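take this sequence and fold it.
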Amino acid sequence: MDFRAPQPIVEAIKARADHGVFGYTMDDPQLREVLVKRMADRYNWHIQPEDIVFIPGVVAALNTAIRACGEPGDNVLIQTPVYPPFLSAPAANRQINNEVPLVYTEQNGILHYEIDFDAFEAAINPSTRTFLLCHPHNPTGRIWSTDELKQIGELCLEHDIVVVSDEIHCDLVFEQHTPMATISPEIAQNTITLMAPSKTYNIPSMGFSFAIIQNPELRQRFQMAEMGVVPHVGVMGYTAALAAYQYGDDWLQAVIDYLRSSRDLVTEFFQEYLPQIKLTIPQGTYLTWLDTRQFAMDVPAQGFEQWIDPFFLRQARVALNKGALFGKPGEGFARLNFATSRSLLLQALDRMRDAVERYATQK
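As a prediction, this is how the structure comes out:
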């Protein structure tokens, strides 16, 4: 996000820096208690302090979970399009990426993504050990419903597949978020939940995240998989996280209100000025997923991906995330981040509109 972090976090980091000693640090019991209370207050999810494993980043945690749950040659289920580190994690751990595309419908220019449960179950094979769930989903912004979570959680239980639920955007939502592990006690025992203050409070460089693993045996496997590979969380990570979760929620609510207005602005702008570009209305995250395939119908389909990739950067001076990075179903799409000032967002949208209009007149 293009926003200054909450002042209590800034002050806490300054105070810790003034201490002047930056050696190795110990686990923070107070932070554990704060997180236990937060899960209970927000989700009626009652965890124990020992269920929490601190780790310096969610991507490191994804890779750790894959190592903990499978062996070389095993399969990892992934729903595409999805956050690019999901796609690289299986191969990095000598396992196989088994992609199951999400499906979408389009109505009045709005895209709505759903899980294809038949395709999901058909993709499961005897070597499938892990399912990586993105919830809220990046890049589509979907918050999966309790019914969807229940169905997919029970499928994974039936086939002895561990669910690794990346819920890093769980605080940046415009509708209610339900953690996968709260669906049932059985699903909780089969789930590794990943969360962090990094997206929520705009502090990713602090290097702090955590896993909630209520199954002791699974938690031990996770901890063994990170040993000697994943570094410990640093003192600034603990300091920033504690300040964020203790004092950052007034700031967070203001940011969510601002992001909701920006999301609505983006939706209205595209529908009024760029109706040929279809888009999602995210239920969570600060990301909009754009289908750019129809505004340049004269470009051959075979070469469209190479043509569209630099179009908005060169013609509008607006940098979007290339859709193909999110998997094959992302080809011809782009991801727009609207977590910036309203004036800068409007400038970017105006530039995109002008670029498309110029293209239309030059054909």
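
give the contact list for the residue positioned nearest the centre of the chain.
Geometric centre of the chain, nearest residue: N138, 4.6 Å, by Cα atoms, centre = their mean. Listed by Cβ atoms under 8 Å, 6 or more residues apart in numbering, the contact set of N138 reads 82-83, 169, 285, 287. All C-beta spots, glycine's among them, are computed from the backbone N, C-alpha and C.

how about Y201?
Neighbour list for Y201: 5-6, 9, 240, 244, 248, 251-252 [criterion: Cβ under 8 Å, 6+ apart].

cool, T182 as well?
Applying Cβ under 8 Å, 6+ apart to T182 gives the contacts 43-45, 188.

most neighbours among these, which one?
Among these, the one with the most neighbours (other Cβ atoms under 10 Å) is A188, at 22 neighbours.

that one is in contact with Q214, isn't it?
Yes. Judged on Cβ atoms under 8 Å, A188 makes contact with Q214 at a distance of 5.0 Å.

now for those two: what residues contact both?
Taking Cβ under 8 Å, 6+ apart as the criterion, A188 and Q214 both touch A181.

name the element M224 belongs to?
Assigned by DSSP states H and E, M224 falls within helix 216-226.

what comes up buried for that helix?
For helix 216-226, a neighbour-count test (16 or more other Cβ atoms under 10 Å) marks 218-219, 221-223, 225-226 as buried.

ok, so of the contacts of N138, who is nearest D160?
V82 (22.7 Å; Cβ to Cβ).

contacts only, for that closest one.
By Cβ under 8 Å, 6+ apart, the contact list for V82 reads 132, 134, 137-139, 326-327.

which two from the residues you listed end up farthest apart in space?
Spanning the widest gap among those are L132 and P139, at 14.7 Å by Cβ to Cβ.

other SSEs contacting the helix ranked longest in the chain?
Longest helix of the chain, by residue count under DSSP state H: helix 249-273. Counting contacts by 3 or more Cβ pairs under 8 Å, 6 or more residues apart in numbering; DSSP states H and E, helix 249-273 is packed against strand 278-280, strand 287-291, helix 342-362.

kindly recompute the last result at 10 Å.
Helix 249-273 is packed against helix 7-19, strand 110-114, strand 278-280, strand 287-291, helix 342-362, with contacts defined by 3 or more Cβ pairs under 10 Å, 6 or more residues apart in numbering; DSSP states H and E.

adjacent strands (with direction) for the third one?
Listed by DSSP bridges, the sheet partners of strand 278-280 and their directions read strand 110-114 (parallel), strand 287-291 (antiparallel).

if we can go back for a sec, out of the contacts of Y201, what pair is the most spread apart?
Farthest apart among those by Cβ to Cβ are A240 and L252. That separation is 14.1 Å.
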